[in-house]
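S.K.: Provided below for reference: sequence and predicted model.
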Amino acid sequence: MTKLETIPEELGVAGSWNEKGGVLWLTPGPLSLRDLAKTMNMVQARFITITATELPGEEGFRLEYHWDLDGTLLGFPFTIALGQAIDSIYDLCEAVDWIEREIHEGYAIDFTGRDYDPLMLRQGQKLGVNLRNTGAPDKPASGLLGQKEAE
Amino acid sequence: MSYTIPMGPYHPGLEEPYKLDMICEGETVRDAKLHVGFNFRGIEHLAETRNHVQVIALMERVCGICSNIHTLTLCQAMEKLTGLTPPPRAKYIRVIMAELERLHSHVLWAGIAAKLMGFKTMFMTCFALREQVMDLLQSISGNRVNYSMNRIGGVNRDIEDPQALLRMVDALEKEMVKTVIPIFTTSTTAISRCAGVGVLTHEKAVSLGVVGPVARASGVPQDLRKAAPYAAYEEMEFEVPVQPAGDVTARLLVRALEIMESCKILRQALTKLPPGELNAGESKISFATGTATARVEAPRGEVIYSVSWKEGSQKPARVHVRTPTFVNMPAIRFMVQEARLADTPLIQASIDPCYSCTDR
């Protein structure tokens, strides 16, 4: 069994990989993002990025997590409702640090279980200003960014 | 007693908008914090306001050094959404442009590294060589920075005289072998400033997911041109230089060897350039609903574009760019730990950082 074949089994996903747009997609189902990150560590996949997309209306956000497995690009989509947070995987995958911080600042999405130092995407000094289409939540930013706003 | 030295936000060594707060004891750096985003441009958001022609021109401006790579990656992603395939000649021209860009990027970096080593004669030599590569790029595209070569389904311009370009590649390679590589690898100045300095261990490189020459200089043999070939790379024979030491010397050696491999690829592509059309010759482009992703090995490492489109729309719903510097920069924190303060500008420069890409 190849590493690729072991992933759905490890995640307990009934479906199989679906190639689309240059990515092998797998919908992780009910399993958590953190289980996925542990499985990716187990198969020694390389984390690449998270693509955040704001869904129309007030549907929330789609977060696509990408790993590379021996030259194959893997994708795992997660959807979160407006105002809902998602688990951070920073403690499991160090490479995720900056992109989680960027999405936190750009879209005002909270990744639970971590602290943020701002990446200093300076425009607006407010979460969600740079990339979000709908109004950013009127809540203080965490970390240094929040301190600056409070000042 | 420890104290913090703020270097930036206009970095005095690198002359870029970037800040490093270094926590020092004496002249030894114990830890560091990085700050970026001083010139954040919101290009991803702007891309959602451009049509399929305008967005190529916009993304070409993500980076001033590897501008061609950004349009190549974007076009490859959009080709997946439109079903257009570039003809063989266009794929070869894409390889030629990508390797010329790698050459000028690596030689530019070598010049800047030489300057930071205090080796200004070498800086001048490298920049004179780089000028030759820029001349090549200008002779093909008519431009020195934004080449406007890529379009959906192919390229905009032809390479009319491959033989003339071959002669220039030969001359460039000869100068690299005769001057640049021996001096960088044997001179006391280069060795004393670089060897054992700014080490990124193999384990840390894997953990941080660094890419490109930074990864390869820490013993991680990843290169998308081999692992996931695009354009005409599958038809090229070349090696992927890997060095295990993880220090500035290793990063220097990897780039020097990559210059030689680029010359090898260029020679093959220019010799075997197939006849035919430059692009798919589309009169009307229609996008299918969905998301497409493309990856390319830029001079600094892997670039990834994720493009979402809705059928019938004139503009993309989302364009996400992950640039190599965005993943390589966090490694600086670990490279400067326990380094001498005086070595930190060179250590930072050794990842060949691009602030334009990071502040996209």
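M.R.: Nice, thanks for sending it over. Treat the numbers as computed from the prediction; the structure is a model and nothing was measured. Numbering: from 1, shown residues only, chains lettered A, B, ... in the order given.
S.K.: all strands of chain A, in order?
M.R.: With strands called from DSSP state E, chain A shows them at A:18-20, A:23-25, A:46-54, A:61-69, A:72-80, A:86-87, A:111-112.
S.K.: For the first one, enumerate the helices and strands it packs against.
M.R.: Put plainly, it is strand A:18-20. If you count contacts as 3 or more CB pairs under 8 Å, 6 or more residues apart in numbering or on different chains; DSSP states H and E, strand A:18-20 packs onto strand A:23-25. Bear in mind the C-beta positions are built from the backbone N, C-alpha and C, glycine included.
S.K.: one more time with 7 Å, if that's ok
M.R.: Helices and strands touching strand A:18-20, by 3 or more CB pairs under 7 Å, 6 or more residues apart in numbering or on different chains; DSSP states H and E: there are none.
S.K.: And the contacts of that strand?
M.R.: With contacts defined as CB atoms under 7 Å, 6 or more residues apart in numbering or on different chains, strand A:18-20 is touched by A:25, B:290.
S.K.: related to what we said a few turns ago, go through the strands of chain A and pick out the most buried.
M.R.: Neighbour counts (mean count of other CB atoms under 10 Å in any protein chain shown) averaged over each of these peak at strand A:46-54, with a mean of 23.
S.K.: For it, which strands pair with it and how are they oriented?
M.R.: The pairing partners recorded for strand A:46-54 under DSSP bridges are strand A:61-69 (antiparallel).
S.K.: Can you pull the phi and psi angles for B:R50?
M.R.: phi -120, psi 150 (degrees, to the nearest 10).
S.K.: same check, this time on B:A317
M.R.: According to degrees, to the nearest 10, B:A317 has phi -80, psi -30.
S.K.: so what's the nearest residue to it once chain neighbours are set aside up against?
M.R.: Nearest residue to B:A317, sequence neighbours excluded (CB to CB, 6 or more residues apart in numbering or on different chains): B:S308, at 4.3 Å. By CB under 7 Å, 6+ apart, the residues touching B:S308 are A:53, B:291, B:316-318.
S.K.: And A:W25, by the same measure?
M.R.: A:17-18, A:75, A:77.
S.K.: Taking those residues, tell me the two that lie furthest apart.
M.R.: A:W17 and A:P77 (13.0 Å; CB to CB).
S.K.: one step back: then the residue nearest to B:A317 would be within a strand, right?
M.R.: Yes - looking at B:S308 with DSSP: H, G, I helix; E, B strand; the rest coil, it is inside a strand.
S.K.: Okay, it and A:G57: tell me how far apart.
M.R.: As for B:S308, its distance to A:G57 is 16 Å (criterion: CB to CB, to the nearest Å).
S.K.: now do B:F287
M.R.: 22 Å.
S.K.: now swap in B:E16 and tell me
M.R.: 40 Å.
S.K.: Who has more neighbours out of those two?
M.R.: B:E16 (21 against 8; other CB atoms under 10 Å in any protein chain shown).
S.K.: Not counting residues beside it along the chain, what's closest to that one?
M.R.: Spatially, and ignoring its direct neighbours in sequence, B:E16 is nearest to B:Y355 (4.4 Å; CB to CB, 6+ apart).
S.K.: And for the one you found, the neighbour number?
M.R.: 20.
S.K.: Also A:A37?
M.R.: Neighbour count for A:A37, taken as other CB under 10 Å: 23.
S.K.: who touches it in this structure?
M.R.: A:89, A:92-93.
S.K.: Now for residue 80: which residues touch it?
M.R.: You didn't pick a chain, so chain A it is. Contacts for A:I80 (CB under 7 Å, 6+ apart) come out as A:60-61, A:63, A:86.
S.K.: nope, chain B please
M.R.: Counted by CB under 7 Å, 6+ apart, B:K80 has contacts A:21-22, B:292, B:294.
S.K.: Same question for B:H52.
M.R.: Here B:H52 is in contact with B:78, B:152, B:285 (criterion: CB under 7 Å, 6+ apart).
S.K.: Quick check: residues of chain B near chain A?
M.R.: B:35-38, B:40, B:42, B:44-45, B:80, B:207-209, B:227-228, B:290-295, B:304, B:306, B:308, B:318, B:320, B:322, B:326-327, B:330 (CB under 7 Å from any CB of the partner chain).
S.K.: Run through chain B and note the low-pLDDT ranges.
M.R.: Along chain B, no part satisfies pLDDT under 70.
S.K.: what residue is smack in the middle of it?
M.R.: Nearest residue to the geometric centre of chain B (CA atoms, centre = their mean): B:P299, 2.7 Å.
S.K.: That one and B:M176, how far apart?
M.R.: Taking CB to CB, one finds B:P299 at 15 Å from B:M176.
S.K.: Ok, B:P86 next?
M.R.: 30 Å.
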